[in-house]
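*Asks:* Generate a structure from the sequence data that follows.
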Amino acid sequence: MDAPREESQDAGNRHVAVSLASLPGPPSLMDPLLAHNETPPRPARKRFPLLLSFSLFACLFAIILLLLRPRLPQPHSQERAAMQPLPPHLQIPAAMHPPEPHSQDRAAMQPLPLHVQVHAAMQPQPHVQIHATMQPGLRNNVAPVRFFAFGDWGRNGTFNQSLIAKQMGLIGAHMAPQFVVSLGDNFLELGLPDVNARQFSQSFTEIYTHRSLQIPWYAVLGNHDYYGNVLAQLHPALANRDPRWTCRRSMALSLPICAENDGQSVDHVDHFDSVGSKGQGVDPVDSVGSGGQSVDSGAQGGDHIDSGGQGVDCVDFVDLFLYDSMPLIPAYRHKAGRRVDWRGLNTGNWSRQEEAQLQELEGWLSNSQARWKVVGAHHPVFSYGKHGDQQEMVERIKPLLEKYGVDVYINGHDHNMQHIKKDDSPVHYFTVGGGSKAWRGDAPPVAPGLRFFFPGQGFSAMQVSRDSLTVSFYGVFGDLMYSTTLKK
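*Replies:* Got it, this is the predicted structure:
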């Protein structure tokens with residue numbers, strides 16, 4: 001078989017040669033080719049320049065990278081990301097989720113309405129009233145009250161303060177709090193030197209920047225605030241720098257838990273009398289521009305709730321009372337190595353000063369008809385942290401809490417997170433002092449009434465509806481560390 005194949009190929013070659021010879025054309029061109037048995041030379045190939053080849057390769061490589069690259073976020077991705085479901089470690093108790101808003105205006109994503117009258121005892125501007133109008137849009141049957149509470153935070157963003165602020169913003173985007181309660185030690189370690197202090201911006205305005213935290217902040221004083229210019233922190237000039245800020249030695253907030261049936265608006269004013277220290281010779285507080293105005297926290301006529309006939313049922317309330325615990329603790333009056341700014345208080349007669357504060361708090365509590373009552377201050381009543389129980393609070397505050405049916409007491413001072421419920425007391429005590437520096441080596445003890453203890457940073461989120469009050473603790477990474485719900 002091999003031989004015939006070879007013969008066939010040779011025969012084909014001869015046939016090609018004869019065929020080429022028979023083609024018409026100039027003999028001078030064809031004959032030499034036939035004589036040397038050569039084929040006509042092929043034309044030279046055109047080659048791309050090296051630079052062009054490299055460019056094509058680079059373009060192809062870039063296209064591959066574009067195809068493999070993750071999709072970039074769309075504009076306003078930060079705000080959109082906040083609206084996405086939280087990862088598992090950022091879970092929020094079901095009770096804390098805001099109601100689904102009406103599609104017309106998405107009101108639930110805005111700060112909820114706040115109807116508050118703030119009474120300020122022994123301040124340049126006592127009895128400051130904050131009026132708000134309920135905005136339409138919430139179509140649920142019950143509008144719960146939601147707020148954050150924590151203390152011991154102002155460190156220019158250090159010691160994880162910025163991380164806590166970030167997590168507050170993310171949780172707030174889902175929870176939609178109405179306001180924030182600051183439980184003292186707002187500016188560490190030495191308070192504010194004056195109303196123009198850069199630390200106010202560095203520890204507050206420039207730290208709590210998330211959209212969900214652009215809501216009112218109600219602050220009371222801690223011991224470290226007294227180590228600076230206490231009148232500067234109390235002065236309304238700070239509200240000109242950041243309108244969220246309100247700091248008083250004491251205040252009462254009454255917040256309606258409204259059942260709405262038509263979503264119409266309503267004006268509401270608080271309903272508290274103030275029992276204060278009128279005529280007790282309190283020093284004028286004019287060193288930061290208060291115009292030498294004497295302090296007067298005398299009794300005021302009680303305002304009443306006005307539903308305006310708008311079809312909004314605001315029968316149930318949660319009342320929040322914040323007071324200044326520093327003047328009630330004699331140890332700070334002779335604290336070695338510390339300058340304490342007692343201006344604005346009746347330091348000439350500490351007994352009368354203490355009695356005036358206790359009378360004011362008792363007056364608020366006795367007049368309150370709220371379904372839920374919450375009291376807050378910097379110092380604890382009970383604590384299993386470094387500072388331990390505050391004996392003055394145990395002796396003078398605890399009896400008032402129990403007498404008038406207070407449900408929850410919140411405080412800072414110890415830099416940790418605690419929930420204490422003693423068997424012989426109906427009050428739940430929550431320490432939320434983890435706003436920045438913490439981790440003092442406190443070991444979670446096994447102690448009577450201790451239901452939760454965490455020695456690190458965090459903040460609390462509270463939601464109050466007609467039948468329940470939920471307190472949740474979140475950590476520095478936004479993880480839900482603890483949550484408990486009280487029922488009525």
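*Asks:* tell me the SS of the nearest residue to Glu206 once chain neighbours are set aside?
*Replies:* Spatially, and ignoring its direct neighbours in sequence, Glu206 is nearest to Gly157 (7.5 Å; Cβ to Cβ, 6 or more residues apart in numbering). Any C-beta I mention is one placed from the backbone N, CA and C, and that applies to glycine too. Look at Gly157: counting by DSSP: H, G, I helix; E, B strand; the rest coil, its state is coil.
*Asks:* My guess is Gly157 contacts Ser203. True?
*Replies:* Yes - look at Gly157 against Ser203 with Cβ atoms under 8 Å: they come within range, at 7.2 Å.
*Asks:* Between those two, which has more neighbouring residues?
*Replies:* Ser203 (23 against 17; other Cβ atoms under 10 Å).
*Asks:* thinking again about what came up before, OK, contacts around the residue nearest to Glu206?
*Replies:* For Gly157, the contacting residues are 165, 202-203, 206-207, by Cβ atoms under 8 Å, 6 or more residues apart in numbering.
*Asks:* make it 10 Å
*Replies:* By Cβ atoms under 10 Å, 6 or more residues apart in numbering, Gly157 lies in contact with 163-165, 202-203, 206-207, 436.
*Asks:* can I get these in CSV with secondary structure?
*Replies:* Below are those laid out as CSV (three-state DSSP):
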residue, secondary structure
Leu163, helix
Ile164, helix
Ala165, helix
Gln202, helix
Ser203, helix
Glu206, coil
Ile207, coil
Ser436, coil
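*Asks:* Between Gly157 and Ser203, which contacts overlap?
*Replies:* Joint contacts of Gly157 and Ser203 (Cβ under 10 Å, 6+ apart) are Ser436.
*Asks:* which SSE is Tyr429 in?
*Replies:* strand 428-432 (DSSP states H and E).
*Asks:* Summarise which helices and strands that strand is packed against.
*Replies:* The contact analysis (3 or more Cβ pairs under 10 Å, 6 or more residues apart in numbering; DSSP states H and E) places strand 428-432 against strand 145-150, strand 372-377, strand 408-411, strand 417-420, strand 450-454, strand 459-464, strand 468-474, strand 480-487.
*Asks:* now the angle from it to strand 372-377?
*Replies:* 40 degrees (axes from the mean of the first three to the mean of the last three Cα atoms, to 10 degrees).
*Asks:* Extract the CA atoms of strand 428-432 and return them as CSV.
*Replies:* Extracted C-alpha coordinates of strand 428-432, given in CSV (Å, rounded to 0.1, in the frame of the first residue of the first chain):
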residue,chain,number,x,y,z
HIS,A,428,-34.4,46.9,88.3
TYR,A,429,-30.9,48.6,88.4
PHE,A,430,-28.9,49.0,85.2
THR,A,431,-25.3,50.3,85.1
VAL,A,432,-24.3,51.5,81.6
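*Asks:* gap between the two ends of stretch 320-327?
*Replies:* 20 Å (Cα to Cα, to the nearest Å).
*Asks:* and Leu322, backbone torsions?
*Replies:* When quoted as degrees, to the nearest 10, the phi and psi of Leu322 stand at phi -120, psi 130.
*Asks:* if I look at it, how far off is Gly184?
*Replies:* As for Leu322, its distance to Gly184 is 9 Å (criterion: Cβ to Cβ, to the nearest Å).
*Asks:* what's the overlap in contacts for those two?
*Replies:* Contacts common to Leu322 and Gly184, judged by Cβ under 10 Å, 6+ apart, are 219-221, 376-378.
*Asks:* Show me which of those is closest to Phe430.
*Replies:* Checking these against Phe430 by Cβ to Cβ gives Gly376 as the nearest, at 9.2 Å.
*Asks:* thought the closest one was touching Leu221?
*Replies:* No - using Cβ atoms under 10 Å, Gly376 is not in contact with Leu221; the gap is 12.0 Å.
*Asks:* about what we covered before: same list, the shared contacts of Leu322 and Gly184, but as JSON lines with neighbour count, pLDDT and distance to Arg466 please.
*Replies:* Formatted as JSON lines, the shared contacts of Leu322 and Gly184 follow (neighbours: other Cβ atoms under 10 Å; pLDDT from 0 to 100; distance: Cβ to Cβ, whole Å):
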{"residue": "Ala219", "neighbour count": "26", "pLDDT": "98", "distance to Arg466": "28"}
{"residue": "Val220", "neighbour count": "26", "pLDDT": "97", "distance to Arg466": "27"}
{"residue": "Leu221", "neighbour count": "29", "pLDDT": "98", "distance to Arg466": "32"}
{"residue": "Gly376", "neighbour count": "25", "pLDDT": "98", "distance to Arg466": "21"}
{"residue": "Ala377", "neighbour count": "29", "pLDDT": "98", "distance to Arg466": "26"}
{"residue": "His378", "neighbour count": "30", "pLDDT": "98", "distance to Arg466": "30"}
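*Asks:* Just grab the bridge partners of Val318 for me.
*Replies:* Here Val318 sits in beta bridges with Leu255, Trp372, as judged by DSSP bridges.
*Asks:* count of residues packed around it?
*Replies:* 25.
*Asks:* That one reaches Lys488, doesn't it?
*Replies:* No - no contact is recorded between Val318 and Lys488 when judged using Cβ under 10 Å, the distance being 11.1 Å.
*Asks:* overlap in contacts of those two?
*Replies:* 371-372, 407, 465-466, 469.
*Asks:* Most neighbours of all the residues you listed, which one?
*Replies:* Trp372 (25 neighbours).
*Asks:* my guess is that one meets Asp407, correct?
*Replies:* Yes - the pair formed by Trp372 and Asp407 meets the contact definition of Cβ under 10 Å, at 5.5 Å.
*Asks:* which residues are in contact with both of these two?
*Replies:* Contacts common to Trp372 and Asp407, judged by Cβ under 10 Å, 6+ apart, are 318, 464, 469, 486, 488.
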